[in-house]
Each structure stands twice: as structure tokens, then as C-alpha cells.
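Colleague: A predicted structure for the sequence below; I have some questions about it.
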Amino acid sequence: MFTRKALVLFSVLMVLSMVVAACAPAATPQVIEKTVIVTEVVEGETVEKVITATPAPETEAAAEGPIMAEGLVPCNPIPELPAPASAPAPVVAAAPQQSSIPSNWVENPFQATGKVYKVGVFEDVTTTNYWGANGPDNTVWNSYMLPGRTFLYYLTDKYFTFAPWAATAMPEPMTEENGKWVVTIPIKDTIKWSDGTPFTAKDVAWTAATVLKLGLISGNWSQWYDAKYLESIEAVDDYTAKIIYHTKPGVARHEYGTLQAPILQQAFWDAKMAEAGVWASIDALAADASDEQKLAAQQEAQDKLFAIPGDGEPTAGGFLLTKWEKGAFLEEAANPDFLLKGVKVEQWANAAYKDSNGIELGTPEGDVETSYEFGPYVDAAIYTIYGDQNAAILALKNGEVDFVLNSLGLQKGLKTQVQSDPNLTWLENPQNGYRYLSFNTRRRPMNDCAFRQAVAVLIDKEFVTQTILQGVAFPLYAFVPEANAFWWNPDSPKLGAGLDREQRTNLAVAILEQAGYTWEGGGKPAWDADNRQVVPAGRLLMPDGTPVPPLVMPAPSPGYDPLRSTFAIWIETWLNEFGIPLKADLAGFNVIVPIIFTEQNFDMYILGWSLGIFPSYLYDFFAEEQAVQDGNNAGGYVNPEVEAKLKQILVCETFDECKTVAYELQMILGTELPYVLLFDTGIFEAYRSASVEYPYTKQLSGLQYTHQTPSTLQTLVKVK
């Protein structure tokens, strides 16, 4: 699965499929912030500088709207330029940002009995409806806090080894049967839903049938139950499920799709959906209904489904949702009938796995690296919502919470505070994800490869990450991060890497002039070597002479992510001085997500993805299927050459075959640039080691990652 930063991880040697990124609650009034405070050390003294956004004039923005595009404009070869005559001036490094801790932190209004695992968060869930939470409301906060569901197979903690969950054994190879591809999965006969009823293959079959009938594709659903491959799942008997594909899938849509898909209880949802009239529009379709009519009926049914509260839904995972106080806290009770309770696991550094159910995977080498036994060991877990990261950290220091969840990680400036407290432990882990700038290619000039390339050149990632952010982040260029070593293509294009401001200015001008762009007044931006600054020209004119209209770029506010907001202000500055009238709209995460994914009312935007190991997430980001309302391809980038490669990554059957496709996609996307990849950080975390104990702390993308579905870390933590 995946979430909007944030996604999901797997073993470096094994594979999973997608990302955790975030879609959307209902839109609320937008609060726009136009400044970023940067702390610098000047001659031994700490001072604060305020960088202010310079938006396009409101009157101008009101007079000009977006210009819709008719398809993509292809790329040209990158022009070659001579070396600059002047050398870049040295840059004075800024000190890391370090925010003050507010005193008005929120106190947990609820106190559960028994052993309680207390977690701090600083965004609320947007829904308790699991369908919506993994569809249009696919946020990392929903994946953190909503109880995990049950799956046939899952990826283990620590090394993400593919292993049985509800299944009794590893899957047999698919076989061909009457022109279809099938596999039969035996299911444990001891699993119970939290209402005491048995978990059966009928629930598995019903969940798949429901997704397919509704035509669900947003969020994670198209990864889990992909109608392009999956025909149905049949309940052969109560404890045997038969998966039937009309088209043979690859590892992306079989092992790391259907076999890891969540299973919901038929009895609960059948009743709720009947009461809400979910099926009325679909059942009313005529036999000869058009595709447009079918899609409209499915959309109406989906809207009704997503509106159903998930309160009281039975689950078979480690925890059950017991109370949600909006804006304050969410409480879960431990499930005493959790199907893995008491199962002992041993894992080796080479991802070999053994458990007390008799499952042995891989060939162990050396000593056992990690071992644990499933609980839960607590009676309840409470997620308390704080105003921001600083308030949550203060609660951690004061003993109000045991851990702080944050897909972005903590600010590195907090490290000294944490390390000086003997009750806390600081963690640093590598991150598999990226924060990026996306273009709305449905509009001009964002549909033009030359424009996207020029923007990429103008963005000095090295300057912002190393000088302004003082090394707390690092620049990214490849569409598979370097941390994901097996799938990363080291030869991915790195347009603009290592260039100084003069070189960037000259190269961006050359790219645009080659494509027919000019500037009002007949001039063009130029580098002033004496004053070491760009001399602006008039507004940029598109090849047909039309001025580039005022552009809007939603991005997270400083309160949510000071790193991305800093990038947004610098991008705004660089593009405006180049004649591109861009306004950065900085707002809360839950405000901008519906603007981007549901309304799709933007020219560019800045967000992030937390990624899976297997790079089929590239399909989910850039496939035509996802270029719809609530789809993950919010920018509408559709390229036939890329589409063909994206489809290959869903059907490749070996790692080596898939790796070749992944390498080719990184080369194409790194040139086409539907995203300008910006940066990422290591994941910095802290927990209250005086209060809780984890069986491991070294983990790709940190402990925050295994706090997401299937939520196994919560069943392992022990309260002292």
C-alpha cells in the first residue's frame, strides 16, 4: 500500500508495491502563509531572517485564468553551453532551524485503564471508513491510527519478508485453467472477527467482488484488487479461497497486490451498504448502458460508501477502534483474539525467516538478528493530537506520550534536546521516499517538456538542502531513491546537478529559447557577474506569443513541514525573477490535499511520497488510469511511451526482468520530468525509552513505517 506523505516498505531483497501519500478530507477554508523563518548564525550570534513570498499581483491573477493544454509537448535535446566566465562566490552557511517549544501543549483528555501505549500525532484522521481511508482519504495519518485489517499474506517487520498472515502456507505457483490463471489459498480456521464470528473465505471473496463491482481505483485499491488482471476470488469452502485472473499478473499485482490486499467483514458492510443504498445506481443500469453511464453509477455508489461511518466495524487485527474525539484523540483497545498472538518469530540479516507456526523462508546465515513474540502487550493505544511537532515533543519529554509519529521525521535541531534527556532515545534511520514538485500537465505551459526542464534547472536543490537547511536534507534526482539500492538506476538523469546560479540561468534560457519561448520587451534573463544576481527580463512568453499566466503552487505550511515550505518560497523567488509569475500558497496538509487530488485546481504543487520497495508505484503515479479525480496521477501526465513501460512493470515475473523496466522508466521520467524531485531526509525519531521497549529500532524509514498497516509494531511494543 502507499500513502501521501507518505508509502510503504519492503525487504531490500524482497518486494512490495506502493506508497503511503495523502488524500483528502473535505476542504476547509484555506489559510495561506507567506513567510518562512530561517535561523542563521552570524559572527557567533543567532539571528532570525524572514523570507517573504512575493506572489503575483491579485488583480493580475483575477484577470487571467489557466490556459488548458492539448496534449504534451515533447522534449528537445538539452543544449550544451560553454563554461561560465565567472566563478561562483562562496556561500555563508546557515545554522539548522530550531523552533521554540510552545507552552500551550494539549493535554490528553482521556485516560484508559491498564497498560496504555501513548502516541503523539499532529494531524487527525479524516475518516473511520476504511474504504475511504485507502481511497480518496489515503493519508499517512489514517494509516497510522486506524486499526490494521487482515490479509492473506503480509511483509514482516524489520526485513519485510513476504510471509503468511491468514493463509496457512506460502502460495503455490499460479496455474493455467480454462484460459485463466488461478491459485488456491488455504486459510486458518481459527481466526475470529472481533464480534466473535468466524473469519472465512467468503469474506475474502466478498471483499474482492465489492471492489471490482464498485470500480475502486483511487488510493490503494487498484494495487490490491486490480480489475485489469483480477477476475474474481471464489470461496471453494469456508477455509479455501481460489483467486482467478483473466490476465496473468506479475509480482506487482499478485504477490504484492491481491495476496496482500485487506479483507473486510461481509456481514457488517453488507448491512451498512444496503441501508445507505450504495448499490442503487449500479443495479439500475440498463443492460446496454454506456461506459460513461457505468462510471457515473460507480462514482455515485462510491460516494455513498465513503460517507458511511466505520464505527463499530469488526476487525481481526491487533487492535479495535473504541473511541474517536475529533481534533483531540483516538483510542483503540487490544484485540485478545488477534490471530498472531503468541507466534514467535526469528529473522536473520539476509531476510531469512522462521516462526513457531512452522513457516521457514530463505536460508539463515549467521546468528538470529531479530526475534520477537506477537502480543499485544498493552490493553490500549491512544493517539493524542497536538498542535504541531514541537507540542508533541514537549509531551514526549513530559512523559505524556511514549512515541511521536511523523512521516517526515523530527527536525534534526531537536536532537540535542532529546539526547540530553536520559528518559529518551534518539533514532536515525534511512528513508525511502521523496518530496517533489509536480506539474498540472493539463494546463499550459506545464504540458511542455522544455518548460518543466527549465523549472528543474532553476531549482538549486543543493543550495537549499546544504546551505539554507544546513544538511538536514539531501537533493534527489532519480525516481527510485538511492536508498532502495537494488532498484535505483545510478545513471538516472540529473538535470541541473552541480550548476551555479549563472549556469542555471544560461541553461534555462537556452532550453526555453530552443523551444520557441521569448520574453516581453525582447530581452531575456541574464547573469550580472558584478553584482552576482539575475537581471530579470519581462514576463515569459510561450511559443505562440501568449504570456505565461499567473501560476499557483500549493505547498505545505511551515507549521507542517518547514523544509518543503522553504523550498516553495525559493522556487517562487527563482521563477518570478525569470519571468514566470508563480505564487506559493502555503497551507495545512489536510487543506491542500483535496485541492490537489480531488479538485485538481493547481498549476504546480509540492508534496511527498513514502515509497514501497518494489517500484510499481511509478505506475500508480503516472499511469493514465490514475489521471482521474481522486487518482494518484493528479498532474494528468499521460505519455504513451511511458504508459507502455508502466504496464510492463505490472506483468514482469522476475526481479531481473522488472529491474530492467524500472531502470528504463527512471531514464525516461528523469528526462520528461512530470515531477521535479526535490529532496528527502533521513528519518529522525525519538521515543520514551524509560517507558516503552521495542524489539528493534533499526528499520528502513524508521519505526513510523511499521506503525502503518498491518500495524504489527503496536502488537510488539511493551510498556514498562
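Modeller: Yep, it's here. Residues are numbered from 1 along each chain as shown.
Colleague: so what pLDDT did the residue in the chain sticking out farthest from the centre get?
Modeller: Ranked by distance from the centre of the chain (CA atoms, centre = their mean), the top residue is D530, with 44.0 Å. On pLDDT, D530 comes in at 91.
Colleague: That one and D460, how far apart?
Modeller: When distance is defined by CB to CB, to the nearest Å, D530 is 21 Å away from D460. In this view, the C-beta of every residue, glycine as well, is placed from N, C-alpha and C.
Colleague: In terms of secondary structure, what does the longest helix belonging to the chain contact?
Modeller: Under DSSP state H, the helix in the chain containing the largest number of residues is helix 655-672. Here helix 655-672 touches helix 449-458, helix 617-622, helix 640-651, going by 3 or more CB pairs under 8 Å, 6 or more residues apart in numbering; DSSP states H and E.
Colleague: Now do the buried residues in it.
Modeller: Residues of helix 655-672 classed as buried by neighbour count (16 or more other CB atoms under 10 Å): 655, 658-659, 661-672.
Colleague: go on, stretch 234-248?
Modeller: Quick answer for stretch 234-248 (16+ other CB under 10 Å): 234-235, 239-245.
Colleague: Ends of it, what's the gap?
Modeller: Across its full length, stretch 234-248 reaches 17 Å between end residues, using CA to CA, to the nearest Å.
Colleague: repeat for stretch 473-486
Modeller: First-to-last distance for stretch 473-486 - CA to CA - comes to 22 Å.
Colleague: measure the residue farthest from the centre of the chain to E502 for me?
Modeller: Here the criterion is CB to CB. By it, D530 lies 12 Å from E502.
Colleague: any weak-confidence spans in the stretch 101-250 of the chain?
Modeller: 101-113 (pLDDT under 70).
Colleague: so where do the helices sit in it?
Modeller: 130-133, 140-145, 201-214, 221-224 (DSSP state H, counting those that start in this stretch).
Colleague: Would you reformat these as a markdown table and include mean neighbour count?
Modeller: Below are the helices of the stretch 101-250 of the chain laid out as a markdown table (neighbours: other CB atoms under 10 Å):
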| stretch | mean neighbour count |
| --- | --- |
| helix 130-133 | 24 |
| helix 140-145 | 28 |
| helix 201-214 | 21 |
| helix 221-224 | 26 |
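Colleague: Tell me which of these approaches D680 most closely.
Modeller: For the helices of the stretch 101-250 of the chain, proximity to D680 was assessed by CB to CB; helix 140-145 is nearest, at 14.6 Å.
Colleague: list the helices and strands that closest one packs on?
Modeller: If contacts are counted by 3+ CB pairs under 8 Å, 6+ apart, helix 140-145 sits against strand 3-4, strand 116-121.
Colleague: what does the average pLDDT come to for stretch 509-520?
Modeller: Mean pLDDT, computed over stretch 509-520, is 97.
Colleague: Start and end of that stretch, how far apart?
Modeller: Termini of stretch 509-520 sit 14 Å apart (CA to CA).
Colleague: buried ones in it?
Modeller: By 16+ other CB under 10 Å, the buried positions in stretch 509-520 come out as 509-512, 515, 517-519.
Colleague: got it, and stretch 275-284?
Modeller: For stretch 275-284, burial by neighbour count (16+ other CB under 10 Å) applies to 278-279, 281-282.
Colleague: of these, closest to G409?
Modeller: V278 (39.3 Å).
Colleague: give me every residue that touches that closest one.
Modeller: Going by CB atoms under 8 Å, 6 or more residues apart in numbering, V278 touches 301, 304-305, 308.
Colleague: Look up how far N220 lies from the closest residue to F151 other than its chain neighbours.
Modeller: Setting aside the residues directly before and after it, F151 is nearest to W165 in space (CB to CB, 6 or more residues apart in numbering), at 4.7 Å. W165 sits 16 Å away from N220, going by CB to CB.
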